[in-house]
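Engineer: pasting the structure only:
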Ligand SMILES: [Zn+2]
């Protein structure tokens with residue numbers, strides 16, 4: 001016979017189980033609108049004439065700049081772009097305008113530029129600042145000399161108060177859905193990350209995982225997991241728009 005506390009425990013287990021089952025079903029179906037049921041008619045661009053929401057998605061690195069390199073030679077730039085393109089598709093399906101800093105394996109500096117990294121970053125900044133009513137999401141992968149670290153790390157620009165809100169939303173959603181954050185806190189980017197230091201619009205940089213952690217590397221190389229990451233960012237942005245835009 002169940003005691004009251006046992007019954008409570010069972011109910012709480014049932015509720016948690018149901019939530020997990022729904023999340024798994026959502027990811028399995030790849031259906032953002034089932035997993036994160038934000039109604040596109042309520043939050044999409046179509047509902048508020050004259051106020052087009054734009055997400056600038058920045059796939060970090062590209063071209064001659066491969067970004068971090070994993071032990072097996074996997075280049076960060078390719079994983080960044082793969083997540084970015086999946087996020088683009090999800091946002092566009094919800095009628096959000098998307099501007100990509102790159103959609104292929106290119107850099108934004110001219111080939112003969114003597115300051116290719118600086119010019120590349122300035123071009124990304126210029127593109128983002130030219131978009132009205134936009135938020136900026138930069139997608140990167142982490143690498144660290146110690147293998148044990150894994151999970152997301154979200155940095156935010158301190159130039160706009162909404163950056164912290166968006167960063168915290170991403171952190172919260174990732175804790176719920178990916179369960180892979182190692183209780184990490186969001187961090188102000190300070191001056192160390194060019195785009196976060198210079199952009200005036202709400203801006204975050206998401207290190208989606210550690211190439212230096214072998215388990216996480218194999219997850220990041222898996223398309224289904226990258227879709228999960230993209231879904232996490234998508235749900236965070238929709239939640240952010242619902243409250244702040
Ligand atoms: Zn990077």
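Structural biologist: Structure received. What you see is a predicted model; the values in this text were computed from it and never measured. Numbers count the residues shown, from 1 in each chain.
Engineer: Tell me, how many residues neighbour the residue of the chain found nearest the ion?
Structural biologist: Among residues of the chain, the one nearest the ion by C-beta to the ion turns out to be residue 140. It sits 3.5 Å away. No exception for glycine: its C-beta is placed from N, CA and C like everyone else's. The number of residues packed near residue 140 is 24, by other C-beta atoms under 10 Å.
Engineer: Please settle this for me: is it part of a helix?
Structural biologist: No: read with DSSP: H, G, I helix; E, B strand; the rest coil, residue 140 is strand and lies in no helix.
Engineer: Flag every residue of this structure that's near the ion.
Structural biologist: Residues of the chain found near the ion (C-beta under 5 Å from the ion) are 60, 67, 140.
Engineer: Grab the nearest non-local neighbour of the second one.
Structural biologist: The shortest distance from residue 67 to any residue other than its chain neighbours is 3.1 Å, reached at residue 76 (C-beta to C-beta, 6 or more residues apart in numbering).
Engineer: pretty sure the one you found contacts residue 140?
Structural biologist: Yes: Residue 76 is within contact range of residue 140, at 6.8 Å (criterion: C-beta atoms under 8 Å).
Engineer: For the nearest residue to the residue of the chain closest to the ion once chain neighbours are set aside, give its distance to residue 79.
Structural biologist: Distance criterion C-beta to C-beta, 6+ apart; nearest residue to residue 140, sequence neighbours excluded, is residue 60 at 4.1 Å. Noted for residue 60: a distance of 9 Å to residue 79, by C-beta to C-beta, to the nearest Å.
Engineer: Kindly report the same for residue 119.
Structural biologist: Residue 119 is 24 Å from residue 79, by C-beta to C-beta.
Engineer: Neighbour count for these two, which is higher?
Structural biologist: Using other C-beta under 10 Å, the more surrounded residue of residue 119 and residue 79 is residue 79, with 27 against 15.
Engineer: okay, and the common contacts of residue 60 and residue 79?
Structural biologist: Counting by C-beta atoms under 8 Å, 6 or more residues apart in numbering, the contacts common to residue 60 and residue 79 are residue 141.
Engineer: Which secondary structure element is home to the residue nearest to residue 108 when sequence neighbours are not counted?
Structural biologist: In space, and not counting its chain neighbours, residue 108 is closest to residue 123: 3.7 Å by C-beta to C-beta, 6+ apart. Using DSSP states H and E, residue 123 falls within helix 116-129.
Engineer: show me the contacts for residue 124.
Structural biologist: When contacts are counted by C-beta under 8 Å, 6+ apart, residue 124 touches 58, 101, 108, 195.
Engineer: I'd guessed the second one sits against residue 59; true?
Structural biologist: Yep, that's residue 101 we're talking about. Yes: with contacts counted by C-beta under 8 Å, residue 101 reaches residue 59, the gap being 6.6 Å.
Engineer: Compare those two (neighbour count), which wins?
Structural biologist: Of the pair residue 101 and residue 59, residue 59 is the one with more neighbours under other C-beta under 10 Å, namely 30 against 24.
Engineer: Return the distance of that one relative to residue 52.
Structural biologist: Residue 59 is 22 Å from residue 52, by C-beta to C-beta.
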